[in-house]
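Novice: Give the three-dimensional model of this entry:
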Amino acid sequence: MRVGIGYDIHAFDPARTLVLGGVKIEGAWGLKGHSDADVLLHAVGDALLGAAALGDLGEHFPDSDPQWKDVPSAVLLGEILVKVKARGWRPVNLDVNVIAERPRLTPYKEAIRMRLAGLLGLALEAVSVKARTNEGLDAVGKGQAIAAQAVVLLGPLGNAP
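Specialist: Numbering: from 1, shown residues only. So this is what the prediction gives:
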């Protein structure tokens, strides 16, 4: 078994649509970034890459490469899963934190959880989505950004839990 930890943070961009965990959050400011800036999928991708000892998101999808401009992060996650499986691993479970003062995520948590399960080929019971605030501290706490953390467990391919 392998464990990976991922983290990402993006500042708000009022000109973009917010996408978290592959789910569009209507009426909320989006995030600045080269791809669609899905901070949650970026953290999940980094956790997967880390668990498989494949480096980090920026190594595989640099923001200097125009082919990744405005690409949905779900596409990036699919590319990462191919690389992880090529190393002989598959996701077993996922636990994520979304850290944001706004928008309130309670109405979206179940949709995000279902989307993550679908993207990773996991049972819904193997995916946890939690929302947190930073209690007014730092850029996230002041409502200037959203951050995300992810922990993923990988198991060998072919061995179902």
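
Novice: List the strands paired with the longest strand along the chain, with their directions.
Specialist: Criterion DSSP state E: the longest strand present in the chain is strand 2-20. If you go by DSSP bridges, strand 2-20 pairs up with strand 23-31 (antiparallel), strand 145-156 (antiparallel).

Novice: From what I see, residue 150 and residue 39 are in contact.
Specialist: No: contact criterion C-beta atoms under 8 Å: residue 150 and residue 39 do not qualify, at 10.2 Å. Heads up, the C-betas are built off the backbone N, CA and C, glycines and all.

Novice: just to revisit the earlier point, buried ones in the longest strand of the chain, by neighbour count?
Specialist: 2, 4, 6-10, 12, 16, 18-20 (16 or more other C-beta atoms under 10 Å).

Novice: Check stretch 97-110 too.
Specialist: Those buried within stretch 97-110 under the rule 16+ other C-beta under 10 Å are 97-101, 103, 105, 108-109.

Novice: Strands - which of those land there?
Specialist: Using DSSP E, the buried residues of stretch 97-110 in strands are 97-99.

Novice: could you pull out the helices for the chain?
Specialist: For the chain, helices defined by DSSP state H occupy the ranges 39-51, 57-60, 73-86, 109-120, 138-141.

Novice: and the third one, what does it pack onto?
Specialist: If you count contacts as 3 or more C-beta pairs under 8 Å, 6 or more residues apart in numbering; DSSP states H and E, helix 73-86 packs onto helix 39-51, helix 57-60, strand 89-99, helix 109-120.
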